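*Asks:* generate coordinates for the sequence data below:
(chains A and B)
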Amino acid sequence: MVDKISPHNGSKADQVLIAAVNQSLDKGLDDIDELNLQRLKNARIKALNHSPVATRKWVPLSVAASVAALLLIPVMMHQYSVDSAIEPELEIVSQEMPISAEEMDDIDMLMTLEGGDA
Amino acid sequence: MLESGLTHSNLSEVKLLPLSLDEFLSQVERRAYRTAMLSTRKPADALDIVQDSMTQLVQYYRARPAAEWPLLFQRILQHKIMDWHRQQTRHKKWFWQASNNLDDDSEDEINLVVDEREQDPAELLARASDIQCVINALEQLPLRQRQAFMLRAWEGFDVQETSATMGCSEGSVKTHYFRALQALREHLRNNA
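*Replies:* Have a look, this model is predicted:
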């Protein structure tokens, strides 16, 4: 056990202490219960399943923005065509019907009567 | 299985073995767990720390030469433990509780005084062989002292590697290590 002393330049008492503590810690490794050992194993497997960050393919932001813009164009065009199809109908609906000659005469007569009363 | 074929070598020994990443992790996982347990005293948190450390090693350093893995893994592990302590400290402050000393960096001269009394190595050996007593003594060390001791004495790192792992100067490593030895000796003497 003493031959496992790490290369420290301490006193003999220090070296004995270090060796004894190391031995106790090494023994303590065998005291880890099965459940935690299994959890450690699962943690290792889970960690190994992670892909290295360096191999991940990052899409440049400008390219992503361009693609998004291209995808939006058909949607906007469709929206514009729908709007342009609706507008004429609205215009027709909002347009007043032309007044006939008889109606104009009636209106003139009413205005004349109102003027006479005043 | 690998675990039975190769004992749980410390990191300085693992450096010499040509291992796959899976083999490397299986070699160091128990020691990492024990190290994390000494700091957290909570199995679930210790497991989380070990898993996060493994994941980070795989994600960022898989392509590195196997000889670099021990130092990298230990650096990640120690940073995760530090992060855990910081989180705990924040949590305690939030709830108006007294926080523990994370870093015993106070330059108290009394800590540098060497105890010149002769000690019987056999007696120290007998006391230090009690696993629970040793673990208690290590748990009571301040974080930085424990890190320095575990890396230097248990993992077999030299001063330079330890300072790189702990992110402090070599002088600080020596001071922390020296104080850790003193504290351990004192604890084992008083709690025999």
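*Asks:* pretty sure residue A:22 sits against residue B:155.
*Replies:* No - using C-beta atoms under 8 Å as the test, residue A:22 is too far from residue B:155 to be in contact (9.9 Å). Using the backbone N, CA and C atoms, a C-beta is placed for each residue, glycine as well.
*Asks:* does residue B:53 belong to a helix, a strand or coil?
*Replies:* Secondary structure for residue B:53, judged by DSSP: H, G, I helix; E, B strand; the rest coil, is helix.
*Asks:* let me see the domain layout of chain A.
*Replies:* What automatic domain parsing lists as the domains of chain A is A:2-49, A:62-95.
*Asks:* and the helix or strand hosting residue B:89, how far out from the chain middle?
*Replies:* Element membership for residue B:89, per DSSP states H and E: helix B:69-94. Put simply, helix B:69-94 sits 11 Å off its chain's centre (C-alpha atoms, centre = their mean, to the nearest Å).
*Asks:* more neighbours, residue A:22 and residue B:155?
*Replies:* residue B:155 (25 against 21; other C-beta atoms under 10 Å in any protein chain shown).
*Asks:* for the more buried one, grab phi and psi.
*Replies:* Residue B:155 adopts backbone torsions of phi -80, psi -10, taken as degrees, to the nearest 10.
*Asks:* hmm, residue B:71 and it touching each other?
*Replies:* No - if you go by C-beta under 8 Å, residue B:155 and residue B:71 don't touch, sitting 9.7 Å apart.
*Asks:* low pLDDT regions in chain B?
*Replies:* Low-confidence segments of chain B (pLDDT under 70): B:1-18, B:96-129, B:192.
*Asks:* where do the strands sit along it?
*Replies:* Assigned strands in chain B: none (criterion: DSSP state E).
*Asks:* per-domain residue ranges of chain B.
*Replies:* B:2-94, B:109-190.
*Asks:* redo those domains as JSON lines? Include distance to residue A:30.
*Replies:* As requested, those are arranged in JSON lines below (distance: least, C-beta to C-beta, whole Å):
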{"stretch": "domain B:2-94", "distance to residue A:30": "9"}
{"stretch": "domain B:109-190", "distance to residue A:30": "10"}
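*Asks:* tabulate these (a markdown table), appending distance to chain A.
*Replies:* Listed next are these as a markdown table, based on distance: least, C-beta to the nearest C-beta, whole Å:
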| stretch | distance to chain A |
| --- | --- |
| domain B:2-94 | 4 |
| domain B:109-190 | 3 |
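*Asks:* nearest to residue A:50, out of those?
*Replies:* Residue A:50 lies closest to domain B:2-94 among the domains of chain B, at 5.1 Å (C-beta to C-beta).
*Asks:* tell me the buried residues in the strand or helix carrying residue A:21?
*Replies:* Counting by DSSP H and E, the element that carries residue A:21 is helix A:12-29. Buried residues in helix A:12-29, counted by 16 or more other C-beta atoms under 10 Å in any protein chain shown: A:13-26, A:28.
*Asks:* average model confidence for that helix?
*Replies:* Here helix A:12-29 scores 86 as its mean pLDDT.
*Asks:* packing partners for that helix?
*Replies:* Packing contacts for helix A:12-29, counted by 3 or more C-beta pairs under 8 Å, 6 or more residues apart in numbering or on different chains; DSSP states H and E, involve helix B:21-40, helix B:121-128, helix B:131-139, helix B:170-190.
*Asks:* the third one to helix B:170-190, inter-axis angle?
*Replies:* To tie it back to what came earlier, the one meant is helix B:131-139. 140 degrees (axes from the mean of the first three to the mean of the last three C-alpha atoms, to 10 degrees).
*Asks:* do the first one as well
*Replies:* Using the same axes, to 10 degrees, one finds that helix B:21-40 and helix B:170-190 are set 60 degrees apart in direction.
*Asks:* in helix B:21-40, what counts as buried?
*Replies:* Buried residues in helix B:21-40 (16+ other C-beta under 10 Å): B:21, B:23-40.
*Asks:* just give me how far that helix sits from the chain centre.
*Replies:* Distance, centroid of helix B:21-40 to centroid of chain: 11 Å (C-alpha atoms, centre = their mean).
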